[in-house]
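*Asks:* dropping a prediction and its sequence here:
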Amino acid sequence: MSQSTPATTSSLSAIPNFYYFCFAAYEPFLTTIGFLGALADPKAAHDAQAPWPVDNPPPTIFPLATHVTILQLAHVCALLGIVNLFVLTAARQHLGSHPALQEKIVFSLLTPLLVGDFAHLYVTLWALGDQKWDFANWSPMLWTTVILGFSLMIPRMAWHLGIGRYVDRRDGNFRKAPLASEK
């Protein structure tokens, strides 16, 4: 007499493969590449951030303060990507049998990053001023920044909505009900 039993709690995860790939592989890759690009040519990274008017090209002299700021910003972005890798890997490895706790840890990581996604988009558009809706004149780097930002924001929103992952409020009640064989 074979009874089919639901998957055990340990097989459920708040960090399924798709989300793990997005936030522990794809995001650290993007942020590290961005840092390396800024490190290789900080002036080009600076000049590519926004469109330059035809009659006012980027300055030829790159101020030291701007150089330092560009590298610091790129470093912080890379650091956030690496933090994702380490926190999500640790949560997956050490909290795999505790999906509710795993969910709380990941929530604590992804929530400020989601707020940051929205803030980054808002600040970028705000900083562009009157040119924010002049899409035809956006630089390739600006397009890349916005598109890649959405490529991380949308999966973060999906994670928060509980799409394709363990959610304790939704899935935990099912697991807490005793199995027929336990009665």
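*Replies:* Good, I have the coordinates.
*Asks:* going forward, measure contacts and count neighbours with C-alpha atoms only.
*Replies:* Will do.
*Asks:* can you pull up the most central residue in this structure?
*Replies:* The residue lying closest to the centre of the chain (C-alpha atoms, centre = their mean) is Leu152, at 4.6 Å.
*Asks:* residue contacts, it?
*Replies:* Leu152 makes contacts with Cys22, Phe23, Glu27, Asp117, as judged by C-alpha atoms under 8 Å, 6 or more residues apart in numbering.
*Asks:* which pair in those spans the largest distance?
*Replies:* Cys22 and Asp117 (14.2 Å; C-alpha to C-alpha).
*Asks:* re earlier: highest neighbour count among the contacts of Leu152?
*Replies:* Using other C-alpha atoms under 10 Å as the neighbour criterion, Glu27 leads these with 24 neighbours.
*Asks:* quick check: that residue touching Gly81?
*Replies:* Yes - counting by C-alpha atoms under 8 Å, Gly81 is a contact partner of Glu27 at 5.6 Å.
*Asks:* give me the neighbour count for Asp47.
*Replies:* Around Asp47 sit 16 other residues, with neighbours defined as other C-alpha under 10 Å.
*Asks:* next one: it from Pro57, what distance?
*Replies:* If you measure Asp47 against Pro57 using C-alpha to C-alpha, to the nearest Å, the figure is 9 Å.
*Asks:* what does Leu161 give?
*Replies:* Leu161 is 44 Å from Pro57, by C-alpha to C-alpha.
*Asks:* tell me how far Ala127 lies from Phe23.
*Replies:* 27 Å.
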